[in-house]
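Asker: model this:
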Amino acid sequence: MRISVPSRLILSALLVALVAPAAAWPQEETPKAKIQKKQQAPQTATAQTQTAPTGPQTKGKATQTAPGKAGLRAIQGMVDGVFPDRRIIMIRTNINEIQVYVTPQSVLSRDSQPVDIKQLRRGDRVDYCHYNAKNVVQKMGVTSAEKARITPPLPPPEP
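Answerer: This next block holds a predicted model:
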């Protein structure tokens, strides 16, 4: 059986189309070659730093808040535990218990007087505690347990 010239051209073109991509594929390296390649070219990484804006920034009409103020939350409850060495305060609310962290920038007050974390006691009433998304206290005001007991409860509402 004899193949015509146009058929030979078509078959040759198909053969080239199938063989050419296989020749262009990279060969897999052996594990030994990979190890040698890694040893030859050590990579040095440079530390990347990210700077945050210090104050409110404006971008068009929307305003951005400083990272320390992002996600600010407020709670009330009772001081359930104070750990001055780890700078942690445990606050029990009606729903759950929250662990907040005190930094040197945190503003703490007890009975309207500025205090340090060491002066807070278990059983103190937390009137307000403003903290951010990382549970870092921004402002916290507590009433001592002694004064909280003296304060008379509100009368029930009349029907």
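
Asker: In the chain, what helix or strand scores lowest on average pLDDT?
Answerer: Across the helices and strands of the chain, mean pLDDT, DSSP states H and E gives its lowest value to strand 57-59, namely a mean of 51.

Asker: For the top helix by length along the chain, list every residue counted as buried.
Answerer: Counting residues, the longest helix found in the chain (DSSP state H) is helix 5-24. Buried residues in helix 5-24, defined by neighbour count with 16 or more other C-beta atoms under 10 Å: none. The C-beta positions use only the backbone N, C-alpha and C, and glycine is treated the same way.

Asker: what about it, average pLDDT?
Answerer: Per-residue pLDDT over helix 5-24 has a mean of 73.

Asker: Use 765 as the first number from now on
Answerer: Sure, I'll start numbering at 765, so the last one becomes helix 769-788.

Asker: partner strands of the top strand by length along the chain, parallel or antiparallel?
Answerer: When the chain is parsed with DSSP state E, its longest strand is strand 837-847. Applying DSSP bridges to the sheet, strand 837-847 is found paired with strand 852-856 (antiparallel), strand 889-895 (antiparallel).

Asker: quick one, which of those is nearest to Asp880?
Answerer: In terms of C-beta to C-beta, the element of those nearest to Asp880 is strand 852-856, at 11.8 Å.
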